[in-house]
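Participant: build me a model from this:
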Amino acid sequence: MRFKPRRFAAVAFGLALAGTLAASAWAANNAGQLDPSFGGSGYVTTPIGDFAAAQGVTNYDGGRTVAVGLADNGTNQDFSLARYNKDGSLDTSFGTGGIVTTDFGGDEQATSVAVQGDKVVVAGFTSSDGYVTAQFALARYNKNGSLDTSFGSGGKVVTDFGDHQDFADAVAVKGDKIVAAGFANGDFGLAQYTKSGTLDGSFGSGGLVKTDFDGGFDSANGVAFRGDTIVAAGYANYHSGNTNFALAAYDKRGMLDTSFGNGGKVETDFANGDDAGHAIDVHGDKIVVVGEASIAGNNDFAAAVYDKRGMLDPKFNGTGKATVDIGGYDAAYGGAFGPDDSVVAAGTTFGVDERFAVARWTKAGAPDPKFGGGAGFTTTLIGGYSDGLAMTLGPEDKIVVAGISDGEFAVARYLSK
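Facilitator: Modelled structure (predicted):
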């Protein structure tokens, strides 16, 4: 399985995918169609340096889109950001022609982005030895794309958990608080920061928390605030050798919330194969985690819905769990609650070729017959290959997916109705 944050390291190839939906079905319902008001075709690509991949995406200021990831300048990799107007054109008021790159002094990848007021907070990781070792890296930007010098050191923060490999793969903001979550040498790792970028000493041990599940390799790939509680989701390597969806809930002090799951932790197995959660969303008392599950040797989009106690919600597909087989090796790297408590997931499918994929389940956990011409999913090939690696919901619940196409940033926007 290709788990974040090293999820795009292997690039697949291909030419064509069967299963084009009938034109009459598309005409009956637009949900799942590319939005032609975005870039004319529903998607845009942006070259940055010699090679670039977007791994995080969010909305900014009334319909603009910020995508973040990495750019290779021929010597090393840097944080890279691109901001797009509602029509998909680059926002030239941001950075240089809509693009910003940031060097921490080594190799960097940005993996997640969140908005804090009119500023943008980006999380990822930095390494000086080709990712043999790595540290959490965060940067905060002003609305014009310049680094916010009131944050950290010149707008940048690097955090070491004191071990060999620390990869931040998610970031969430609530007021002045910033929490980054990821992989801390084999455990869930969370770091909480104040608005100035210093570690929050009221959280965990000096602002840091590590959580082990079963003694194996665990990683937090998504994080969200639920009131004063922080919920992180990812995967845990169970003692059988397989990986499961994993969640952990923390109170505002960084202590595990013992009212959640088993001592603050939850694991969910789909079918005794390798499963991994990649994104999390909270809506009221409900929590959804989306990712990938191995079903009879085939990898599918997967989603699980939980209540506030970490119990699976049987109203969602009878078990709290649901999968969608898009037709290849399928992995959802982004997801959220959609309209009417539906669940939307986006990522990659590859079989004959590699392309963006978006799926939607109804609140009852069935593939949504109103989406994708009745199939409940849709796919998009951009260039020779394309990987969807992040998702957000935009205005009018439009679905925005960011990733990579032929070594460039790729962003696509889909209609939700």
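Participant: any low-confidence regions in the stretch 151-300 of the chain?
Facilitator: The model of the stretch 151-300 of the chain has pLDDT under 70 over residues 239-240.
Participant: recalculate using a threshold of 80.
Facilitator: For the stretch 151-300 of the chain, the stretches with pLDDT under 80 are 163, 238-241.
Participant: now do the strands in it.
Facilitator: Here the stretch 151-300 of the chain has its strands, by DSSP state E, counting those that start in this stretch, at 156-159, 166-174, 177-184, 187-193, 208-211, 218-226, 229-237, 243-250, 265-268, 275-283, 286-295, 298-306.
Participant: counting contacts, what elements does the last one pack onto?
Facilitator: In other words, strand 298-306. If you count contacts as 3 or more CB pairs under 8 Å, 6 or more residues apart in numbering; DSSP states H and E, strand 298-306 packs onto strand 243-250, strand 286-295, strand 321-324, strand 329-337, strand 343-350, strand 354-361. Placement of C-beta: from N, CA and C, glycine included.
Participant: mind listing residues that contact the helix or strand that contains F79?
Facilitator: Taking DSSP states H and E as the criterion, F79 maps to strand 77-84. Residues from elsewhere that reach strand 77-84 (CB atoms under 8 Å, 6 or more residues apart in numbering): 44, 46, 48-49, 52, 54, 60, 64-71, 90-91, 94-95, 98-104, 107-110, 113, 120, 122, 124, 137, 139, 141, 145, 409, 411.
Participant: are any of those residues buried, and if so which?
Facilitator: Listed as buried from the contacts of strand 77-84 are 44, 46, 48-49, 52, 54, 60, 64-71, 90-91, 94-95, 98-102, 104, 107-110, 113, 120, 122, 124, 137, 139, 141, 145, 409, 411; burial here means 16 or more other CB atoms under 10 Å.
Participant: now, these that are in strands?
Facilitator: Here DSSP state E is the test, and the buried ones among the contacts of strand 77-84 give 44, 46, 52, 54, 60, 64-71, 99-102, 107-110, 113, 120, 122, 124, 137, 139, 141, 409, 411 as lying in strands.
Participant: state the distance from K417 to G373.
Facilitator: 14 Å (CB to CB, to the nearest Å).
Participant: more neighbours: these two, which one.
Facilitator: G373 (23 against 12; other CB atoms under 10 Å).
Participant: so that one makes contact with P367?
Facilitator: No. The criterion here is CB atoms under 8 Å, and G373 misses it with P367 at 11.6 Å.
Participant: return the set of buried residues in stretch 220-229.
Facilitator: 220-226, 229.
Participant: Y306: which of the residues you listed is nearest?
Facilitator: Distance to Y306 across those (CB to CB) is lowest for R226, with 10.7 Å.
Participant: so that closest one bridges to which residues?
Facilitator: T229 (DSSP bridges).
Participant: for V120, same thing?
Facilitator: Residues in beta-bridge contact with V120 (DSSP bridges): V115, Y141.
Participant: how close does it sit to D341?
Facilitator: Distance of V120 to D341, given as CB to CB: 29 Å.
Participant: and if you look at G297?
Facilitator: Distance, G297 to D341, using CB to CB: 32 Å.
Participant: kindly report the same for V68.
Facilitator: For V68, the distance to D341 - CB to CB - is 29 Å.
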